[in-house]
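*Asks:* pasted the sequence and its predicted model underneath.
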Amino acid sequence: MAIKLANIALIVRDQDLALKFYTEVLGFEKRTDYLSGGSGGTRWVTVAPKGQQGVEIVLFKPGQYENPQLTYDLMAQCGRQSHWVFETDDCRRDYLDWMGKGVKFRGTPEDVPWGVQVVFEDLYGNQFVLLEPYGPA
């Protein structure tokens, strides 16, 4: 059996605002955007860094489930630590670019044993690492 990671769901409060942030601010591209099940259905929206193949981020807004506690529990996860790492070829350049576009950072790029990194947040407080890895020794 062949298994691969295809999507990572990120809980958001507003899919349109999240889509705008990821595409217009971070420069990602929209991959899918459709409504399943008619006007009352679930909207499936995915984004990914331009040119990256494979894994896409699902901008997931929990819908109304039969059990309202499930919707509440899912929304309570919005803005929790994600531990995702986005790789770049120039952390300091991207930091300055995104800072100019209003992205919130939790510090400045710093040298660490594995590269140069800085933590940033999306609109909902979800945290990500922007990493410029050091090449092979």
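*Replies:* Yep, it's here. Numbers count the residues shown, from 1 in each chain.

*Asks:* which residues touch residue 57?
*Replies:* The neighbourhood of residue 57, defined by Cβ atoms under 8 Å, 6 or more residues apart in numbering, consists of 7-10, 22, 28, 46-48. All C-beta atoms are positioned from the backbone trio N, CA, C, and that covers glycine.

*Asks:* what about burial for these, which qualify?
*Replies:* 7, 10, 22, 28, 46-48 (16 or more other Cβ atoms under 10 Å).

*Asks:* any stretches of this structure with poor pLDDT?
*Replies:* By pLDDT under 70, the weakly predicted segments of the chain are 1-3, 5, 37-41, 64-66, 81-83, 136-137.

*Asks:* the domain parsing of it - what is it?
*Replies:* What automatic domain parsing lists as the domains of the chain is 1-78, 79-137.

*Asks:* centre of the chain to stretch 23-40, how far?
*Replies:* Here the centre of stretch 23-40 is set off from its chain's centre by 13 Å, with Cα atoms, centre = their mean, to the nearest Å.

*Asks:* what are the buried residues along that stretch?
*Replies:* For stretch 23-40, a neighbour-count test (16+ other Cβ under 10 Å) marks 26, 28 as buried.

*Asks:* what about the strands in the protein?
*Replies:* Secondary structure of the chain, counting by DSSP state E: strands at 7-11, 29-36, 42-48, 56-60, 84-87, 104-105, 110-112, 115-121, 127-133.

*Asks:* figure out which of those strands is closest to residue 69.
*Replies:* strand 7-11 (15.4 Å; Cβ to Cβ).

*Asks:* helices or strands next to the lengthiest helix in the chain in the packing?
*Replies:* For the chain, the longest helix by residue count, based on DSSP state H, is helix 91-100. Contact partners of helix 91-100 among helices and strands, from 3 or more Cβ pairs under 8 Å, 6 or more residues apart in numbering; DSSP states H and E: strand 104-105, strand 115-121, strand 127-133.
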